[in-house]
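In: Quick check, what structure comes out for this input:
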Amino acid sequence: MADRAADPIAALDVGTNSFHLVVARPVAGGFEVVTREKAVVRLGRGAGEMKRLEPAAMDRGLAALARMRAVADAHGATIRAVATSAVREARNRTDFIDRARRDAGIEIEIISGVEEARLIHLGMLAATGMQDRTFLACDVGGGSTEIVLARGADEILARSFKLGAVRLTDRFFPGTTLHPAALPACRAHVRSQLAAIRTEVTQVPFDALVVSSGTAETLARLVLRRRGADLPRSLNRFEFDAGEVRAVVADLARAGTVHERRERFELEETRSDIILAGAAILEGVCDAFGVDGIVYSDYALREGLILDTLARRELLDHSVADDAAMASVRRLAARCDDHPEHSTHVARIALEIFDGLATRLDLGPEHRRWLEAAALLANVGVFVSHAKHHLHSYYVIRNSELVGFTDREIEIVAQVARYHRKSAPKVDHPEWAALAAGDRELVRRLAAVLRVAIGLDRTQDGRVKRVTARPEDGQLVLQVEARRGADLELNLYAAGERRALLTEVLGEKVKLVEV
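Out: Residues are numbered from 1 along each chain as shown. Alright, predicted model coming up:
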């Protein structure tokens with residue numbers, strides 16, 4: 001039998017509120033998402049304290065599973081399905097598991113709350129790049145809320161609570177009209193449950209609360225609405241605070257009915273009835289553990305399930321610590337760049353120039369990473385066409401899944417890559433003009449460095465060994481060292497032709513010399 005280790009993976013999250021399918025292709029250092037599918041099933045709805053799955057709910061679930069089976073099959077993907085609180089707690093769970101196997105051809109694994117928390121933690125790490133930080137993770141699901149206190153990849157504490165948006169809606173907000181006592185009662189219940197780990201959590205200082213799930217995504221969108229800000233293309237690593245969560249909960253509570261809530265906040269029908277309970281849970285987490293800063297993660301259980309599956313297949317080398325954001329950059333470059341060795345060499349040259357100019361250009365370590373990403377991705381537009389590939393690179397980067405970056409960071413990286421050749425940024429370029437003033441200047445400074453670096457590898461054969469930047473007599477001198485026996489005439493000429501923007505941002509002449 002052929003080795004199936006590198007086959008596509010279909011991670012299926014059989015949740016209380018909804019089922020989620022992610023089909024992914026294993027690639028070097030991680031995975032690449034092929035497609036996603038979601039079905040709002042409410043498997044745990046109408047089941048009291050979720051002790052039994054109702055026949056109608058099981059029928060909805062099985063129909064959704066059959067559709068997801070078809071999606072996975074269409075991509076040749078092997079399904080790994082896990083069920084969480086609704087199935088985990090139901091006395092008749094075996095009936096549902098047996099029917100899923102028989103009717104949909106899907107083997108469902110029931111996981112514990114702690115295992116669910118572990119997989120969520122794995123997914124969050126990949127999306128947020130928190131490997132070097134201590135953070136509290138929280139995923140508010142339909143039937144349960146998982147909380148992890150972690151120092152990077154190391155879990156200090158992991159707990160699962162029977163606090164879910166569907167579960168608490170059934171208990172405290174069962175009708176379409178909000179009772180005045182319902183929210184205070186819900187808050188008290190959440191507070192009493194979380195008190196069990198309050199001492200353990202608060203004795204470990206952490207940098208931020210990382211949140212995921214539909215509840216968290218909806219809250220992030222409502223925070224943006226309150227700010228009067230446009231919705232970014234990606235919410236990953238979007239930052240807000242506990243005060244904004246409390247304000248959103250208060251806003252939601254002012255709507256007396258589910259219909260009014262849906263209309264006033266432009267919510268999906270399947271979210272408008274459960275969002276108040278979900279928001280109250282997240283508010284309770286903030287209050288219980290003294291949270292201030294919050295970071296949203298696009299990845300959670302299903303992406304963690306993919307990573308766990310890759311590890312089981314021995315396709316992930318956990319001994320190599322790789323930044324999640326840069327790993328996603330390299331995957332995109334490998335897929336779309338027809339000469340990645342050239343881009344890698346340009347990135348090295350660009351970082352050498354950056355290191356010599358960072359202080360003078362008022363740039364920090366985070367900007368260095370953006371420059372490296374832009375250098376590695378500057379030529380991905382050739383995947384579309386070599387003609388105007390700098391423009392194509394912008395759109396490829398902007399519309400790819402670059403985990404570990406915020407929406408703002410992706411935009412900056414995409415624009416720096418876009419300006420690696422041809423025209424420098426201009427006010428009649430709508431994407432650049434739409435940036436905040438500070439970000440426009442960042443793009444100019446980083447693109448200025450990248451343009452010279454690309455010129456220095458004009459021959460695309462890595463003949464430049466080293467570049468050193470130093471001030472001399474009121475000008476910047478870039479000393480360029482060649483590899484043994486290499487001729488740098490064309491490279492120095494090309495870099496000289498591309499130095500105008502660097503001269504402009506530095507406010508002084510730039511001279512290139514071979515040493």
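
In: got any ranges where the protein has weak pLDDT?
Out: By pLDDT under 70, the weakly predicted segments of the chain are 1-5, 45-49, 316-324.

In: Isn't Leu219 up against Arg246?
Out: No - under the criterion of CB atoms under 8 Å, Leu219 lies out of contact with Arg246, with a separation of 10.8 Å. Yep, even glycine has a C-beta here, placed from its N, CA and C like the rest.

In: Neighbour count: these two, which is higher?
Out: More neighbours surround Leu219 than the other of Leu219 and Arg246, with 26 against 15 (other CB atoms under 10 Å).

In: Can you show me the strands along this structure?
Out: 9-14, 18-27, 30-40, 78-83, 108-110, 134-140, 145-151, 154-161, 208-212, 239-241, 293-296, 464-472, 475-482, 510-514 (DSSP state E).

In: can you list contacts of the fifth one?
Out: Right, strand 108-110. Applying CB atoms under 8 Å, 6 or more residues apart in numbering, the set of residues contacting strand 108-110 from outside is 12, 14, 80-83, 87-88, 93, 96-97, 100-101.

In: Dump the residues you listed to CSV, plus distance to Ser160.
Out: Formatted as CSV, these follow (distance: CB to CB, whole Å):
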residue, distance to Ser160
Leu12, 19
Val14, 16
Arg80, 20
Ala81, 19
Val82, 13
Ala83, 14
Val87, 14
Arg88, 9
Arg93, 16
Phe96, 20
Ile97, 20
Ala100, 22
Arg101, 25
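
In: How is the protein partitioned into domains?
Out: When the chain is parsed into structural domains using automatic domain parsing, the resulting residue ranges are 9-110, 114-302, 324-514.

In: Output these in CSV, with distance to Asp308 appended to each entry.
Out: CSV is the format used below for the domains of the chain (distance: least, CB to CB, whole Å):
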stretch, distance to Asp308
domain 9-110, 8
domain 114-302, 6
domain 324-514, 15
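
In: Show me what counts as buried in stretch 424-435.
Out: Buried positions in stretch 424-435, judged by neighbour count with 16 or more other CB atoms under 10 Å: 424-425, 432, 435.

In: Sort out which one of those residues lies nearest Phe31 for me.
Out: Looking at these and their distance to Phe31, the nearest is Leu435, at 31.0 Å (CB to CB).

In: show me what contacts that closest one?
Out: Applying CB under 8 Å, 6+ apart, we find Leu435 in contact with 411-412, 415, 443.

In: Looking at those, which are in helices?
Out: Counting by DSSP state H, the members of the contacts of Leu435 that fall within helices are 411-412, 415, 443.

In: Pretty sure Leu157 sits against Thr199.
Out: No - Leu157 lies out of contact with Thr199 (CB under 8 Å); the separation is 10.9 Å.

In: With neighbour numbers in mind, choose between those two.
Out: Applying other CB under 10 Å to Leu157 and Thr199 shows that Leu157 carries more neighbours, namely 14 against 8.

In: Leaving out chain neighbours, which residue sits closest to that one?
Out: Of all residues beyond its chain neighbours, the one nearest Leu157 is Leu149 (4.2 Å), with distances taken as CB to CB, 6 or more residues apart in numbering.

In: In PyMOL, how would I select the buried members of the contacts of strand 108-110?
Out: Buried residues within the contacts of strand 108-110, as defined by 16+ other CB under 10 Å, are selected in PyMOL through the command that follows:
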select buried, resi 12+14+80+81+82+83+87+88+93+96+97+100
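
In: ok, so of the contacts of strand 108-110, who is nearest Ile294?
Out: The shortest approach to Ile294 among the contacts of strand 108-110 belongs to Val82, at 26.1 Å (CB to CB).

In: The closest one: what's it in contact with?
Out: 12-14, 108-111, 116, 119, 301, 305.

In: Apply 10 Å and report the result again.
Out: 11-15, 88, 108-111, 115-116, 119, 301-302, 304-305, 308 (CB atoms under 10 Å, 6 or more residues apart in numbering).

In: likewise Leu332?
Out: If you count contacts by CB under 10 Å, 6+ apart, Leu332 has them with 27, 32, 373, 376-377, 380, 383, 396-397, 400-402.

In: buried ones in stretch 372-389?
Out: Within stretch 372-389, the residues that qualify as buried are 372-383, 389, counting by 16+ other CB under 10 Å.

In: burial of the nearest residue to Ala414 once chain neighbours are set aside, as a residue count?
Out: Distances taken as CB to CB, 6+ apart place Ile397 nearest to Ala414, at 3.9 Å, with adjacent residues excluded. The local packing of Ile397 (other CB under 10 Å) involves 27 other residues.

In: My guess is Asp457 contacts Glu352. True?
Out: No - in this structure, Asp457 is not within contact of Glu352 by CB atoms under 10 Å, at 12.0 Å.

In: more crowded one of the two?
Out: Shown here are Asp457 and Glu352; by other CB under 10 Å, Asp457 has more neighbours (24 against 19).

In: Please report phi then psi for that one.
Out: Main-chain dihedrals, Asp457, degrees, to the nearest 10: phi -120, psi 40.

In: ditto for the one 5 residues further on
Out: Backbone geometry at Gly462, expressed as degrees, to the nearest 10, gives phi 70, psi 30.

In: In contact with it: list those residues for me.
Out: 341-342, 344-346, 348-349, 483, 486.

In: From Phe19, how far out is the closest residue in space to Gly76 that isn't next to it in sequence?
Out: Leaving aside its chain neighbours, Gly76 sits nearest to Pro8 (5.8 Å; criterion: CB to CB, 6+ apart). Noted for Pro8: a distance of 18 Å to Phe19, by CB to CB, to the nearest Å.

In: Look at those two and report which has more neighbours.
Out: When Pro8 is set against Phe19 and neighbours are counted by other CB under 10 Å, the residue ahead is Phe19, at 24 against 17.

In: what comes up buried for stretch 338-358?
Out: By 16+ other CB under 10 Å, the buried positions in stretch 338-358 come out as 340, 342-354, 356-358.

In: And stretch 171-180, by the same measure?
Out: Under 16+ other CB under 10 Å, the buried positions of stretch 171-180 are 172-173, 178.

In: Tell me the one of those nearest Met58?
Out: For the buried residues of stretch 171-180, the closest approach to Met58 (CB to CB) belongs to Phe173, at 24.2 Å.

In: Any idea how many residues pack against Ala181?
Out: Summarising burial for Ala181: neighbours were counted as other CB under 10 Å, giving 9.

In: scratch that, His189 is what I was asking about
Out: His189 is flanked by 17 other residues according to other CB under 10 Å.
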